[in-house]
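Undergrad: Sequence plus predicted model, see below.
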Amino acid sequence: MKIAIFSDNFYPELSGISDSIISLAKELVKLGHKINFYVPKYSAKDFGGLAERELTLDKNIKIKRLFSLPAPFAGAKARLVLPSFFRPSYGDFKPDIIHSQLFFGVGLEALALARYFKLPIIGTNHTAITEFVRAMPFLPGLFKKSSLDYAVWYYNCCDFVTAPSRSVFEEMSRYGFERPYEVISNPLDTKIFRPLKAGPVLKKQFKLSTKTVVYVGRLSREKNIEIIIKAIALAKKKISDINLAIAGGGKAQAELVGLVKELGLEKEVKFLGVLSHEKIVELYNASEIFAIASTSETQSLVLMQALACGLPSVVVDARALPEYVNEKNGCVVKAGDERAMAEKFILLLENNELRETLSRGAVESVRKFSAPNIAAKWEKLYGKVMENYKNKA
């Protein structure tokens, strides 16, 4: 089948959405399908050569870039596509189904095209809407209900809706969401993200101690990274050689560096910047624990990647995180409670046997979310939605 995937977020802008849909497309073409991406055109000013050299994936995957404008309210390098609501043609590519990943400009374009060409459309919601609005720099309270109402309207216009966790549907249902839906995990590349046997060498490479906690992801306020840093300060009282490795970039970095200095943790906390997937795999394998204190996750691909590398994870009891972490692969603590998080760091770092048991559980817990398994689910769902649409016509 021919599948048109529309997304307001894509390479070279780093995100879990971009990673997941690229991984999905690669697996779908292995099953004999053809993919066209419709995504924003990014600025060379922000991304240099990455924006000028198109990503090469497969001969059966094409990337169509749409004119876009800067969208600083959504991220320093984010882009906004103004929908035309009518593009005369897909060229030679006549899709059988449309798959929309977000509900902004590109998402509206997908919705309009689905209606015009009378095609079924699946919408995937990757966004914790109330948390996204709360992170806005101006009048978040004013936009909360209107944003939720708009998102629910959008997904109620789709023929079928998916999300990577139950928490997304629980939120939307309170605001009138009523379409058929299914929880489908983002695909995980378990060939790349896996346990390695070079731990000591990798520790030396990153200059980390044998008691390292790692966080990977965007450095933004809704991620609550300060909770992890404060927990490290508390755990240091018991474990003097504890380290925290932070990989990623974002607007909150200056604040976090300031907090590290304030707490006297300059030697313990290492900011490593944005890393390639290969380096992230190495960093996970050079660490003992993965930690995330975000209250905005609809799944967290970096969490899944860490689990696949065998890292026990300490997460907070917010949104999707407790859906993926339990007593078999990590620990769940109350959101915003750095003391409780510090206690789990100490427990896991001082108990090698427990940590090794949870490490094995971590790898096992995400095996079912491998990219081939998730692609097979999508193939089946696309066929089902197309059949239902044809019968309804």
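TA: Thanks, I have the structure now. These numbers were taken from a predicted model, which means no experiment stands behind them.

Undergrad: ranges for the strands of the stretch 151-300 of the chain?
TA: Under the criterion DSSP state E, counting those that start in this stretch, the stretch 151-300 of the chain contains strands at 160-163, 181-183, 212-216, 243-247, 269-273, 289-292.

Undergrad: Helices of the stretch 201-350 of the chain, start to end?
TA: Taking DSSP state H, counting those that start in this stretch as the test, the helices found in the stretch 201-350 of the chain are 225-235, 253-262, 277-285, 301-308, 321-324, 338-350.

Undergrad: So which of the strands of the stretch 151-300 of the chain is nearest S365?
TA: S365 sits nearest to strand 289-292 of all these, at 12.8 Å, using CB to CB. The way it works is simple: take the backbone N, C-alpha and C, and place the C-beta from them, glycine included.

Undergrad: Using PDB, write out every CA atom in the closest one.
TA: The C-alpha coordinates for strand 289-292 follow below in PDB (Å, rounded to 0.1, in the frame of the first residue of the first chain):
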ATOM      1  CA  ILE A 289      20.500   4.000  36.100                       C
ATOM      2  CA  PHE A 290      18.300   6.100  33.800                       C
ATOM      3  CA  ALA A 291      16.200   8.800  35.400                       C
ATOM      4  CA  ILE A 292      13.300  11.000  34.200                       C
END
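
Undergrad: what helices or strands is it leaning on?
TA: strand 212-216, helix 225-235, helix 301-308, strand 313-316, helix 338-350 (3 or more CB pairs under 8 Å, 6 or more residues apart in numbering; DSSP states H and E).

Undergrad: looking at these, which is closest to H33?
TA: Proximity to H33 (CB to CB) singles out helix 301-308 among these, at 22.4 Å.

Undergrad: can you give me the offset of that closest one from its chain's centre?
TA: Centroid separation for helix 301-308 versus its chain: 10 Å, with CA atoms, centre = their mean, to the nearest Å.

Undergrad: Could you name the helices and strands sitting against it?
TA: In terms of contacts (3+ CB pairs under 8 Å, 6+ apart), helix 301-308 is packed against helix 16-30, strand 212-216, helix 277-285, strand 289-292, strand 313-316, helix 321-324, helix 352-365.

Undergrad: let's see 6 Å
TA: Helices and strands touching helix 301-308, by 3 or more CB pairs under 6 Å, 6 or more residues apart in numbering; DSSP states H and E: there are none.

Undergrad: List the buried residues in it.
TA: Neighbour counts using 16 or more other CB atoms under 10 Å place L301, V302, L303, M304, Q305, A306, L307, A308 of helix 301-308 among the buried residues.

Undergrad: returning to that earlier point: which stretch among the helices and strands packed on strand 289-292 comes nearest L102?
TA: That would be helix 301-308 among those, by CB to CB, at 15.2 Å.

Undergrad: Now A74. Nearest residue, chain neighbours left out?
TA: Computed as CB to CB, 6 or more residues apart in numbering, the closest residue to A74 that is not its neighbour in sequence is L80, at 7.4 Å.

Undergrad: Contact partners for that neighbour?
TA: Going by CB atoms under 6 Å, 6 or more residues apart in numbering, L80 touches S68, L69, A71, G105.

Undergrad: Please pick the buried ones from these.
TA: By 16+ other CB under 10 Å, those give S68, A71, G105 as buried.

Undergrad: Isn't the second one up against K77?
TA: No: with contact defined as CB atoms under 6 Å, A71 does not count as touching K77 (9.1 Å).

Undergrad: If I61 is in a bridge, with which residues?
TA: I61 has these beta-bridge partners by DSSP bridges: I35, D58.

Undergrad: For R65, pull up the helix or strand it's in.
TA: Using DSSP states H and E, R65 sits within strand 61-66.

Undergrad: What is that strand packed up against?
TA: strand 34-40.

Undergrad: mean confidence score for the helix or strand following the strand it packs on?
TA: Downstream of strand 34-40, the next assigned helix or strand under DSSP H and E is helix 44-47. Helix 44-47 comes out with an average pLDDT of 82.

Undergrad: Pull out the buried residues from helix 44-47.
TA: Going by 16+ other CB under 10 Å, helix 44-47 has these buried residues: F47.

Undergrad: And for N373, the neighbour number?
TA: Neighbours of N373 under the rule other CB atoms under 10 Å: 15.
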